[in-house]
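Chemist: Need coordinates for the following:
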Amino acid sequence: MSKRSCESTAVLGESFDEIVLPHTLTVRSRELLVLRELRGLSYRELADVMGIPMGTVMSRLSRAREALRGALDDELTRSSCSPGRTHLEKQEADGVLA
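Modeler: Below is the predicted model of the structure:
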């Protein structure tokens with residue numbers, strides 16, 4: 001099975017919300033990530049909507065991304081599909097979640 005196919009099976013084969021998110025991120029962290037990454041709100045807009053300072057938005061997003069990144073790595077490792085990512089793959093993932 002190719003790495004890509006294995007990742008799809010491990011992560012997309014089951015409900016991502018049921019496997020990873022409840023155990024990894026708080027409700028507020030999930031809200032921030034969804035509003036930023038899926039809805040495209042700016043940091044200022046997030047601060048206004050969430051009622052928190054912009055610096056807090058940035059630090060909470062950073063922690064949420066790091067937690068999500070770790071949970072995804074753990075899930076792929078647990079599924080025995082991935083022997084580990086190369087340095088280049090880690091840099092690419094960091095760029096996507098940054």
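
Chemist: what's whichever strand or helix holds Glu66 packed up against?
Modeler: Taking DSSP states H and E as the criterion, Glu66 maps to helix 54-78. Packing partners of helix 54-78 (3 or more C-beta pairs under 8 Å, 6 or more residues apart in numbering; DSSP states H and E): helix 21-24, helix 27-33, helix 43-50, helix 87-97. Glycine gets a C-beta too; all of them are placed from N, C-alpha and C.

Chemist: ok, and for it, which residues are buried?
Modeler: Within helix 54-78, the residues that count as buried by 16 or more other C-beta atoms under 10 Å are Val57, Arg60, Leu61, Ala64, Arg65, Ala67, Leu68, Arg69, Ala71, Leu72, Glu75, Leu76.

Chemist: Also stretch 32-42?
Modeler: Leu32, Leu33, Leu35, Arg36, Leu41.

Chemist: Can you show me the CA trace of it as PDB?
Modeler: Below are the C-alpha coordinates for stretch 32-42, written out as PDB (Å, rounded to 0.1, in the frame of the first residue of the first chain):
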ATOM      1  CA  LEU A  32     -10.300  29.100  16.200                       C
ATOM      2  CA  LEU A  33      -8.800  26.700  13.700                       C
ATOM      3  CA  VAL A  34     -12.100  26.300  11.800                       C
ATOM      4  CA  LEU A  35     -12.700  30.100  11.700                       C
ATOM      5  CA  ARG A  36      -9.100  30.800  10.600                       C
ATOM      6  CA  GLU A  37      -8.300  27.900   8.300                       C
ATOM      7  CA  LEU A  38     -11.700  27.100   6.800                       C
ATOM      8  CA  ARG A  39     -13.600  30.400   7.000                       C
ATOM      9  CA  GLY A  40     -10.500  32.600   6.400                       C
ATOM     10  CA  LEU A  41     -11.000  35.100   9.200                       C
ATOM     11  CA  SER A  42      -8.000  37.400  10.000                       C
END
